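S.K.: predicted structure and sequence below. I'll ask about it afterward.
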Amino acid sequence: MSLIIAFLILGVPILLLVLLIKARGRAARAEDESKKLRVRFASVLSIEDEANKASLERNSILQDLENLRKDYAEKRNVYDRLRSEVAIFDEKLAFAEMGVYEPHFDFGDSESFKEAISEIRTKQKEMVKAKTAVTCEAEWVLEGSKSKGRTMTNRQIRLTLRAFNNECDAAIANTRWNNVNAMEKRILNAATQIDKLNVSSKVIIEEDYLSLKLDELFLNHEYRETLKRERDERAEAARLARDEKRLIQEAEAAEKEEVKYRQMLAQAQNEVAGKTGQDVEQLQERIAELERKLEEVHALGERARSMAQRTRSGYVYIVSNIGSFGEDIVKIGLTRRLDPDDRVRELGDASVPFIFDTHAMIYSEDAPALESALHAEFHNRRVNAANLRKEFFRVGLDEVESAVKRLAPKASFFKDREAQDYHETIARRRVEAEKVSTELDSGLPLSI
């Protein structure tokens with residue numbers, strides 16, 4: 001028994017010591033193995049750490065980006081709102097932002113617009129007089145007195161009317177062709193802002209009164225545009241009258257020439273009766289020449305009288321000016337002049353740098369109808385879509401020729417563009433450019 005106890009007392013610690021030594025050995029071997037593995041896979045562990053770090057940074061950047069987007073969206077909304085408000089007062093922004101004005105009325109002349117403007121203003125005065133232009137939705141009592149409350153309300157109504165009317169008058173006075181839609185928004189914005197300021201007093205601008213102010217704006221704008229159109233029409237009528245007067249003068253001049261040649265012919269015929277031989281031959285040649293000239297002036301006079309009497313006869317001309325307007329720009333117009341080329345020469349006066357080339361000169365008994373038909377063919381190709389009196393079209397000569405053959409089959413069409421002055425100018429500039437280039441090259445070494 002004592003031996004067993006002694007064994008237990010001495011043997012167990014020894015056993016534990018042996019086990020501890022073995023465990024330490026295994027731990028040392030494991031540590032060595034771990035070191036070897038760490039050395040072996042050090043690059044892999046480093047990449048994984050970097051990947052984790054990069055992932056954290058990416059998430060942080062994405063969050064920052066999301067915050068920036070939200071912040072930008074909020075500020076962009078503020079910017080768009082402010083820009084829209086500024087456009088009401090800025091003519092440069094107004095036309096681009098507000099678009100093209102569409103007419104609200106269909107009066108035929110400026111006098112009708114003047115009468116309508118007067119009627120609109122009378123209606124406004126009647127609403128102000130009837131106290132229906134600006135109203136108060138509440139019956140106020142001031143210091144226990146309804147009378148004082150009404151006085152306060154009436155004063156606020158007068159101030160509101162004055163502020164709104166001044167804003168409308170300024171908008172109407174400053175209205176131009178390119179900002180009428182902006183001025184409309186300005187009036188609407190003024191009504192909204194004034195109503196907001198009057199929320200506490202419950203004073204409001206009535207919709208009917210606002211509508212009358214907008215009608216006044218539109219009427220004034222269209223009245224001014226109608227005045228411009230009428231001025232253009234008067235100028236065109238004056239030009240036609242000048243052409244007609246010129247035709248009459250040319251007819252009268254041709255008639256005088258005809259009388260002169262008849263007298264000269266009669267004189268020559270009388271002279272030949274008493275002549276013989278070579279003198280007769282010379283007089284007969286002179287008579288033939290006078291007869292030819294008499295026929296020419298007679299035909300010229302007849303044509304001038306005919307065109308003066310028939311207001312729809314004339315020439316439709318098709319011209320281009322490559323130097324002034326570039327390729328594929330043609331003008332399709334009408335003239336009643338006896339010599340239609342005078343009109344083309346007039347077009348190429350000091351207002352353009354180069355003369356026009358004529359592609360067609362078509363005589364027609366109903367020239368306005370032919371001109372209108374050609375204009376209709378290329379209506380969507382107009383260079384100026386706002387002013388139809390500007391008869392320039394962006395279209396190729398092949399298309400124009402096709403339309404002419406269809407609408408005026410007997411007419412001649414010439415596609416050649418002489419443009420002599422233009423081409424000579426280009427050639428001169430090319431020579432000058434080559435000269436400058438040569439001078440520059442002569443001052444440079446071939447190599448360095």
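M.R.: Received the coordinates, thanks.

S.K.: does residue 287 touch residue 269 like I think?
M.R.: Yes: applying CB atoms under 8 Å, one finds residue 287 in contact with residue 269, separated by 6.3 Å. For glycine as for every other residue, the C-beta is placed from the backbone atoms N, C-alpha and C.

S.K.: give me the more crowded residue out of these two.
M.R.: residue 287 (18 against 15; other CB atoms under 10 Å).

S.K.: that one - nearest residue in space that isn't next to it in sequence?
M.R.: Once flanking residues are discounted, residue 287 sits nearest to residue 268: 4.9 Å by CB to CB, 6 or more residues apart in numbering.

S.K.: which residues of the stretch 301-448 of the chain fall in strands?
M.R.: With strands called from DSSP state E, counting those that start in this stretch, the stretch 301-448 of the chain shows them at 314-320, 329-335, 357-364, 392-394.

S.K.: meant to ask about the stretch 101-250 of the chain, not that
M.R.: 134-136, 203-205.

S.K.: residue 223: which of the ones you listed is closest?
M.R.: Proximity to residue 223 (CB to CB) singles out strand 203-205 among the strands of the stretch 101-250 of the chain, at 24.5 Å.

S.K.: can you tell me what sits against that closest one?
M.R.: With contacts defined as CB atoms under 8 Å, 6 or more residues apart in numbering, strand 203-205 is touched by 133-137, 153, 156-157, 160, 164, 191, 194-195, 198.

S.K.: and the pLDDT for the spatially closest residue to residue 195 that is not a sequence neighbour?
M.R.: Spatial nearest neighbour of residue 195, excluding adjacent residues (CB to CB, 6+ apart): residue 204 at 5.4 Å. The model reports residue 204 with a pLDDT of 93.

S.K.: count of neighbours near the closest residue to residue 226 other than its chain neighbours?
M.R.: In this structure, residue 226 finds its nearest non-sequential neighbour in residue 110, 4.6 Å apart by CB to CB, 6+ apart. Residues lying near residue 110 (other CB under 10 Å) number 18.

S.K.: against residue 183, how distant is residue 110?
M.R.: For residue 110, the distance to residue 183 equals 20 Å [CB to CB, to the nearest Å].

S.K.: one more: residue 223?
M.R.: From residue 223 to residue 183 the distance is 14 Å (CB to CB).

S.K.: show me the contacts for residue 148.
M.R.: The contact partners of residue 148, by CB under 8 Å, 6+ apart, come to 141, 142.

S.K.: if we go to 7 Å?
M.R.: residue 142 (CB atoms under 7 Å, 6 or more residues apart in numbering).

S.K.: next one: residue 291
M.R.: residue 265.

S.K.: just to be sure, it is in a helix?
M.R.: Yes: under the criterion used here (DSSP: H, G, I helix; E, B strand; the rest coil), residue 291 sits inside a helix.

S.K.: would JSON lines of the strands of the stretch 101-250 of the chain with mean neighbour count and distance to residue 298 be doable?
M.R.: Formatted as JSON lines, the strands of the stretch 101-250 of the chain follow (neighbours: other CB atoms under 10 Å; distance: least, CB to CB, whole Å):
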{"stretch": "strand 134-136", "mean neighbour count": "19", "distance to residue 298": "78"}
{"stretch": "strand 203-205", "mean neighbour count": "20", "distance to residue 298": "76"}
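
S.K.: for those strands, give me a markdown table that also has distance to residue 398.
M.R.: Shown next, in a markdown table, are the strands of the stretch 101-250 of the chain (distance: least, CB to CB, whole Å):
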| stretch | distance to residue 398 |
| --- | --- |
| strand 134-136 | 65 |
| strand 203-205 | 60 |
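
S.K.: so which of those comes closest to residue 32?
M.R.: The nearest among these, by CB to CB, is strand 203-205 at 92.1 Å.

S.K.: tell me the strands beside the closest one, with direction?
M.R.: When pairing is defined by DSSP bridges, strand 203-205 lines up against strand 134-136 (antiparallel).

S.K.: and the strand it pairs with, what's its mean pLDDT?
M.R.: 92.

S.K.: hmm, back to that, now the contacts of strand 203-205: which count as buried?
M.R.: Listed as buried from these are 133, 134, 136, 153, 156, 157, 160, 164, 191, 194, 195, 198; burial here means 16 or more other CB atoms under 10 Å.
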